[in-house]
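1. Build me a model:
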Amino acid sequence: MTTTQQADLIEVITADHRAVESVFRELESHDGSPEHRRKLVDHVITELVRHSVAEEQWMYPAAREHLDNGDEIADHEIEEHSGAERLMKDLEDVEPTDPQFDALVGQLMDDIRHHIEDEENDLLPKLRNACSDEQLRELGQRVLEAKKTAPTRPHPSAPDTPPANRIMDPGAGLIDRLRDALTTR
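-> Below is the predicted model of the structure:
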């Protein structure tokens, strides 16, 4: 991709997937201090929340609009997001020296890897076939923009479908970024 060409939805989503997988591999190595592992988990939670919010705001509505079984696919993906978000919320309060920490991290990695596989083998190819290049580029830019104002912490009870999520997420994101700055997260 040239620097003047806009990233499309599929490129943006798969780049996020690869970045998360890279952190997962580092976590699986069990290298570093407990504090380092905590920082890695906090980082991956932030990235997963931002990614999920952007998908819920733009990619899943596009699936609903452009795919014959888009409602079914989007509902399934959102359900997976909800489960992962509850795990991430649980992880926030577990010390990295607690044996439950590694168990929760392992479950999160398994769930996210399954989710990535679903998206990359089913949803993304279907969207590639159903949407024009221009639509995919526009969606890619919308996802990138949504990630800038998205929450950085899990909010399992927050709305996950438009229009409510597009209204509420930026406010939660602002509060999360303030909390992150105050706690040096």
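
2. what stretches of the chain score poorly on pLDDT?
-> Scanning the chain for pLDDT under 70 picks out the ranges 1-5.

3. ok, longest helix in it?
-> Looking across the chain with DSSP state H, the single longest helix is helix 70-92.

4. Just the C-alphas of whichever helix or strand comes after that helix, formatted as CSV.
-> On the C-terminal side of helix 70-92, the closest following helix or strand by DSSP states H and E is helix 99-118. Extracted in CSV, the C-alpha atoms of helix 99-118 (Å, rounded to 0.1, in the frame of the first residue of the first chain):
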residue,chain,number,x,y,z
PRO,A,99,-2.5,-17.7,39.6
GLN,A,100,-5.9,-16.5,38.3
PHE,A,101,-4.2,-13.8,36.3
ASP,A,102,-2.5,-16.3,33.9
ALA,A,103,-5.7,-18.4,33.7
LEU,A,104,-7.8,-15.3,32.7
VAL,A,105,-5.1,-14.2,30.3
GLY,A,106,-5.1,-17.6,28.7
GLN,A,107,-8.9,-17.6,28.4
LEU,A,108,-8.8,-14.1,26.9
MET,A,109,-6.2,-15.2,24.3
ASP,A,110,-8.2,-18.3,23.4
ASP,A,111,-11.4,-16.3,23.0
ILE,A,112,-9.8,-13.5,21.0
ARG,A,113,-7.9,-15.9,18.7
HIS,A,114,-11.2,-17.7,18.0
HIS,A,115,-12.9,-14.3,17.3
ILE,A,116,-10.0,-13.3,14.9
GLU,A,117,-10.3,-16.6,13.1
ASP,A,118,-14.1,-16.1,12.6
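
5. so helix 99-118 versus helix 70-92, what angle?
-> For helix 99-118 against helix 70-92, the angle by axes from the mean of the first three to the mean of the last three Cα atoms, to 10 degrees is 160 degrees.

6. who does helix 99-118 touch, helix- and strand-wise?
-> Applying 3 or more Cβ pairs under 8 Å, 6 or more residues apart in numbering; DSSP states H and E, we find helix 99-118 packed against helix 9-29, helix 34-54, helix 70-92. From N, CA and C alone the C-beta is placed, and that goes for glycine too.

7. picking up where we left off before, mind listing what's buried along the longest helix of the chain?
-> For helix 70-92, burial by neighbour count (16 or more other Cβ atoms under 10 Å) applies to 70, 73, 74, 76, 77, 80, 81, 84, 85, 87, 88, 91.

8. Kindly report the same for stretch 118-131.
-> Result for stretch 118-131 [16+ other Cβ under 10 Å]: buried residues 119, 123, 124, 126, 127, 130, 131.
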